[in-house]
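[1] fold the following and give me the result.
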Amino acid sequence: MDKAGLYFHIPFCKNKCPYCDFFSTKYCESAARDYCALLQNEIKKYTGEFDTVYFGGGTPSIIPSELTGDILSAARSQFSIDKNSEITIECNPRENLKDAFLAYKSYGINRVSIGMQSAVDKERFALGRSAGKSEVARTVSDAKDSGIDNISLDLMLGIPNQTLSSLDESFEFIDKMKVQHISAYMLKIEEGTKFFEMQERLPLPSDDEVSEMYLKTVEVLRQLGFEQYEISNFAKPGYESRHNLKYWELAPYLGIGKSAHSFWDGRRFYYNENFEIIDDGDGGTNEERIMLGLRLTKGVPKAIITKPFDHLVKLGLLRETNERIALTPQGMLVSNAVINKLI
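    This next block holds a predicted model:
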């Protein structure tokens with residue numbers, strides 16, 4: 001088996017963001033300590049070789065930093081973790097993380113993903129975020145001061161109050177921060193969220209405006225030195241997320257924690273909210289290879305496509321080389337529809 005990716009889900013948040021449908025619960029330190037002890041026990045059920053580790057959530061940075069260190073220590077005791085691993089933690093800029101970053105660095109964490117969403121305070125506050133642009137800048141600075149210089153910022157598109165011109169403020173901020181990676185997601189209003197309940201009253205841009213925002217993001221980030229390598233991800237050369245690439249390239253990964261998913265020994269399974277393992281069937285099918293591979297700008301080999309696609313090339317939704325096909329930026333806007341025609 002190739003070296004795999006290791007994921008830990010930390011489900012705690014101070015408050016639930018109105019757009020979020022990921023599994024999370026209100027932070028309580030005693031509950032966090034109990035949960036992290038459960039994670040360490042769960043680690044003992046597996047063996048494997050890993051070269052990426054990812055702490056996602058929730059808000060992983062909300063728990064005491066020593067608990068993160070304990071989880072990594074338990075993982076290193078049980079698994080073979082490459083000394084050159086990419087080890088990422090997601091962080092919320094609301095908190096003062098100066099001391100935490102120094103601790104993370106000492107544990108071997110070398111990459112942070114910061115929830116910026118927007119550099120326009122009005123837009124951030126509409127998303128339920130309590131920190132403004134200045135706190136995001138402080139968080140980036142504190143990470144760099146600790147010696148962690150592989151930094152990713154999240155950018156959301158199509159959010160309340162956002163316009164094509166207000167997006168420029170976020171681009172200017174990204175350029176000023178000198179980070180290495182951007183994850184740019186279009187807001188999707190999911191059932192069960194606060195935004196779903198109030199969507200008729202939200203000051204949202206139109207679908208056409210959101211499409212323009214996405215295409216503008218692709219172009220402006222390219223001008224700023226970020227190459228798009230996946231529908232929602234852009235990196236300076238050599239700074240692609242090695243962990244997330246495993247998901248799209250059908251490499252093995254092990255997820256531990258409530259709602260964490262795995263592709264392990266050819267099987268898919270996940271933990272439910274009661275920490276029970278639920279089998280999710282076989283993985284690695286040709287359909288998955290097409291569906292996940294087309295998220296990447298490098299696309300997939302034409303040899304694995306059995307359905308006609310010439311018309312999609314003519315429509316400007318796919319681009320074709322001698323051996324591969326890939327989505328164009330316009331195709332990425334309707335990726336689900338295009339992929340459905342190919343599987």
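[2] for the helix or strand bottoming out on mean pLDDT in the chain, buried residues please.
    Of all helical and strand segments in the chain, the minimum by mean pLDDT, DSSP states H and E falls on helix 194-197, at a mean of 77. Of the residues in helix 194-197, F195 count as buried by neighbour count, 16 or more other CB atoms under 10 Å. For glycine as for every other residue, the C-beta is placed from the backbone atoms N, C-alpha and C.
[3] other residues contacting whichever helix or strand comes after that helix?
    Note on helix 194-197: by DSSP states H and E, the next helix or strand toward the C-terminus is helix 207-223. Helix 207-223 has contacts (CB atoms under 8 Å, 6 or more residues apart in numbering) with 155, 157-158, 162-164, 167, 171, 174, 182, 184, 186-187, 205, 228, 234, 329-330, 332-333.
[4] quick one: average pLDDT of helix 207-223?
    Across helix 207-223, the average pLDDT comes to 96.
[5] can I get it in CSV, CA atoms only?
    Below are the C-alpha coordinates for helix 207-223, written out as CSV (Å, rounded to 0.1, in the frame of the first residue of the first chain):
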residue,chain,number,x,y,z
ASP,A,207,-26.2,32.8,-9.9
ASP,A,208,-24.8,34.7,-12.9
GLU,A,209,-22.8,37.0,-10.6
VAL,A,210,-21.5,34.0,-8.6
SER,A,211,-20.3,32.4,-11.9
GLU,A,212,-18.5,35.6,-12.8
MET,A,213,-16.9,35.7,-9.3
TYR,A,214,-15.6,32.2,-9.8
LEU,A,215,-14.1,32.9,-13.2
LYS,A,216,-12.6,36.1,-11.9
THR,A,217,-11.1,34.2,-9.0
VAL,A,218,-9.4,31.8,-11.3
GLU,A,219,-7.9,34.6,-13.4
VAL,A,220,-6.9,37.0,-10.6
LEU,A,221,-5.3,34.2,-8.5
ARG,A,222,-3.4,33.1,-11.6
GLN,A,223,-2.1,36.7,-11.9
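[6] buried stuff in that helix?
    Applying 16+ other CB under 10 Å to helix 207-223 flags V210, S211, E212, M213, Y214, T217, V218, V220, L221 as buried.
[7] and the helix or strand following it, how far out from the chain's middle?
    Per DSSP H and E, the first helix or strand lying C-terminal to helix 207-223 is strand 227-230. With CA atoms, centre = their mean, to the nearest Å as the basis, strand 227-230 stands 14 Å off its chain's centre.
[8] check which helices and strands strand 227-230 is in contact with.
    On a contact count with 3 or more CB pairs under 8 Å, 6 or more residues apart in numbering; DSSP states H and E, strand 227-230 meets helix 207-223, strand 233-235, helix 242-248.
[9] what are the buried residues along it?
    Buried residues in strand 227-230, counted by 16+ other CB under 10 Å: Q228, Y229, E230.
[10] quick check, nearest of these to A4?
    E230 (19.2 Å; CB to CB).
[11] among the contacts of helix 207-223, name the buried ones.
    Neighbour-count burial (16+ other CB under 10 Å) is assigned, among the contacts of helix 207-223, to 155, 157-158, 162, 167, 171, 174, 182, 184, 186-187, 205, 228, 234, 329-330, 332-333.
[12] how about the helices in the chain?
    With helices called from DSSP state H, the chain shows them at 29-43, 65-78, 98-107, 121-126, 133-146, 166-177, 194-197, 207-223, 242-248, 286-293, 310-314, 329-333, 335-342.
[13] just the CA trace of the third one, in CSV.
    Spelled out, it's helix 98-107. Extracted C-alpha coordinates of helix 98-107, given in CSV (Å, rounded to 0.1, in the frame of the first residue of the first chain):
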residue,chain,number,x,y,z
LYS,A,98,0.5,32.9,19.1
ASP,A,99,1.4,30.4,21.8
ALA,A,100,-0.5,27.6,20.1
PHE,A,101,1.5,28.1,16.8
LEU,A,102,4.7,27.7,18.7
ALA,A,103,3.4,24.5,20.3
TYR,A,104,2.1,23.2,16.9
LYS,A,105,5.6,23.9,15.4
SER,A,106,7.2,21.9,18.2
TYR,A,107,4.8,18.9,17.5
